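> missing the sequence, but the structure's below:
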């Protein structure tokens, strides 16, 4: 089932490394907004933050890089695929 999940926000921590001009970041923001999920956005503009993102995501250099409850999910394509497959709500609901 896809759509709005009103109680997800309180159950899962969503973090997203992003930049202001990235269209994939915008798409991820819009997806989470439609679902009623607030994500902690980490500005990946500085070299130090970008280096931390790359290390944390095991070498991924592009934005967005999305984490749910500390688990690396990937970028927008991976999150959108989870949503299309009806599996994103389960991840957002937490363990």
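Noted; the coordinates are in hand. No experiment lies behind these values; they were computed from the predicted model shown.
> Okay, buried residues for the helix ranked longest in the chain please.
If you go by DSSP state H, the chain has its longest helix at helix 23-35. Using 16 or more other C-beta atoms under 10 Å as the test for burial, helix 23-35 gives 24-25, 27-29, 31-32, 35. (C-beta placed from N, C-alpha, C; glycine too.)
> which helices and strands does it pack with?
Under the contact definition 3 or more C-beta pairs under 8 Å, 6 or more residues apart in numbering; DSSP states H and E, helix 23-35 sits against strand 14-18, strand 39-43, helix 76-84, helix 88-92.
> highest average neighbour count across those?
strand 14-18 (a mean of 23; mean count of other C-beta atoms under 10 Å).
> Adjacent strands (with direction) for it?
In the sheet, strand 14-18 lines up against strand 39-43 (parallel), strand 65-68 (antiparallel) (DSSP bridges).
> Figure out how far it is from the centre of its chain.
Chain-centre distance of strand 14-18: 5 Å, with C-alpha atoms, centre = their mean, to the nearest Å.
> for stretch 11-30, same thing?
6 Å.
> Compute the first-to-last residue distance for that stretch.
19 Å (C-alpha to C-alpha, to the nearest Å).
> Could you number the chain from 40 rather than 1 from now on?
Done: numbering now begins at 40, and the last item shifts to stretch 50-69.
> pLDDT averaged over that stretch - what is it?
For stretch 50-69, the mean per-residue pLDDT is 96.
> Ok, stretch 125-134 next?
Rounded mean pLDDT across stretch 125-134 is 91.
> again, but for stretch 90-103
Stretch 90-103 shows a mean pLDDT of 98 in the predicted model.
> mind listing what the most centrally placed residue in the chain touches?
Nearest to the geometric centre of the chain sits residue 105, at 3.2 Å (C-alpha atoms, centre = their mean). For residue 105, the contact set (C-beta atoms under 8 Å, 6 or more residues apart in numbering) comprises 53-56, 67, 78, 111-115, 117-118.
> Which residues does the longest helix of the chain contact?
Applying C-beta under 8 Å, 6+ apart, the set of residues contacting helix 62-74 is 42-44, 47, 53, 55, 57-58, 77-78, 80, 101-103, 105, 114-116, 118-119, 122, 127-128, 131.
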